[in-house]
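Visitor: Structure, please.
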Amino acid sequence: MLSLRQLEVFLAVIETGSTTAAAHAVALSQSAASNALTELENRLGEKLFDRVGKRLLLNASGRALQSRARILLAQAREAETLFQQGGGRLKVGASTTIGNYLLPRLLGKSAAELPCERIEIANTDDIAERMLRFELDLGLIEGRTLHPDLVMTPWRQDEMVIVAVPGFSGRTLAQLPWIMREVGSGTRSVVERELLDTLGNIQPVLELGSSEAIHNAVRAGIGVSCLSRHVVEQSLQTGELQVLAPDHAIRRQLYLLRHRQRPDTAAVARFLALCPPDQAEALDRA
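Guide: Down below sits the predicted model:
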């Protein structure tokens, strides 16, 4: 019978390329890791890697096993916490605007114990990749991902507005100095899809890795940007920033991301009870 330890070593070898490095990753001796991989291949009657020098390269048989091995290990970890905290604890990946602004407010409204073990903030592409590796239980994203193993469902809506310091005008929007998120972020993809067709070829003067960093750069008068109202609401209320061209505001959908082969657990149900999809309101600005 296959063992979880064998599958753990198998996945570690994929990540590291050798049984020596995999042994270190899973806290085994090199010989124990090598034996576990050999036993797995013998049990399956297939070689899972091609040996190229000192490197082990995943072959077609290994690729066929890879996703199933990840699912089995993820289910085993869930089983370990099945009777704790009402069904386990979640590792949630959230895009920056959601993780820094929206999600803390939603969770803060609840007096119940939070179902999240950890909230990791990253851009949409990174969250999708980690979901595929079963390192995250749920994703909350601002962009879109088209991988067939990932399922997006509408969760909340957001409004993005073009902002600048007062008096920052006099030229067309396309001629202004733009500050943008990095490629791969949900915010960047939405701006490119919704604004570039109407404004023309915007050339960013600066790219930054978080909405908060862009917010600060805009407040410093470096340029203009299109940001979520969740990010800039306070600066708009104080008059530190103004909305440019309100007719170019963007309504965007925020999504809940699940893995197609991973059924919802009780912990997922508790999370969705605390942070449900929008129904009556399009925006949550509490």
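
Visitor: Next SSE downstream of the lowest-mean-pLDDT helix or strand in the chain?
Guide: Sorting the helices and strands of the chain by mean pLDDT, DSSP states H and E puts helix 196-199 at the bottom, at a mean of 74. Using DSSP states H and E, the next helix or strand after helix 196-199 towards the C-terminus is strand 204-208.

Visitor: which of the residues in the least confident helix or strand of the chain are buried?
Guide: Residues of helix 196-199 classed as buried under the neighbour-count rule (16 or more other Cβ atoms under 10 Å) are Leu199. Where you see a C-beta, it was placed from the backbone N, CA and C, and this is true even at glycine.

Visitor: Now do that helix: distance to the chain's middle.
Guide: When distances are taken as Cα atoms, centre = their mean, to the nearest Å, helix 196-199 is centred 27 Å away from the chain's centroid.

Visitor: and if you look at stretch 116-134?
Guide: 4 Å.

Visitor: The protein: strands as residue ranges?
Guide: Along the chain, the stretches classed as strands by DSSP state E are 49-52, 55-58, 90-94, 116-121, 138-141, 150-164, 178-181, 204-208, 225-228, 242-244, 250-259.

Visitor: which residues touch the least confident helix or strand of the chain?
Guide: The contact list for helix 196-199 (Cβ atoms under 8 Å, 6 or more residues apart in numbering) reads 172-174, 202, 248.

Visitor: go with 6 Å
Guide: 173-174 (Cβ atoms under 6 Å, 6 or more residues apart in numbering).

Visitor: how about it as CSV, C-alpha atoms only?
Guide: These are the backbone C-alpha positions of helix 196-199, laid out as CSV (Å, rounded to 0.1, in the frame of the first residue of the first chain):
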residue,chain,number,x,y,z
LEU,A,196,-6.0,51.0,-21.9
ASP,A,197,-8.5,50.5,-24.7
THR,A,198,-10.1,53.9,-24.1
LEU,A,199,-7.1,55.9,-22.9
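
Visitor: Could you tell me how many residues sit around the residue nearest to Pro246 when sequence neighbours are not counted?
Guide: Counting by Cβ to Cβ, 6 or more residues apart in numbering, the nearest residue to Pro246 once its immediate chain neighbours are dropped is Val161, at 6.9 Å. By the criterion of other Cβ atoms under 10 Å, Val161 has 22 neighbours.

Visitor: In TSV, list the strands of the chain along with mean pLDDT.
Guide: As requested, the strands of the chain are arranged in TSV below (pLDDT from 0 to 100):
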stretch	mean pLDDT
strand 49-52	88
strand 55-58	88
strand 90-94	88
strand 116-121	80
strand 138-141	92
strand 150-164	92
strand 178-181	91
strand 204-208	91
strand 225-228	92
strand 242-244	93
strand 250-259	91
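
Visitor: Ok, which of those strands comes nearest His24?
Guide: Among the strands of the chain, strand 55-58 comes nearest to His24, with 14.7 Å by Cβ to Cβ.

Visitor: Mind listing what's buried along the closest one?
Guide: For strand 55-58, the neighbour count (16+ other Cβ under 10 Å) marks 56, 58 as buried.

Visitor: Centre of the chain to it, how far?
Guide: Its chain's C-alpha centre and that of strand 55-58 lie 28 Å apart, by Cα atoms, centre = their mean.

Visitor: Within the sheet, what are the partner strands of that strand, with directions?
Guide: Next to strand 55-58 in the sheet, as set by DSSP bridges, lie strand 49-52 (antiparallel).
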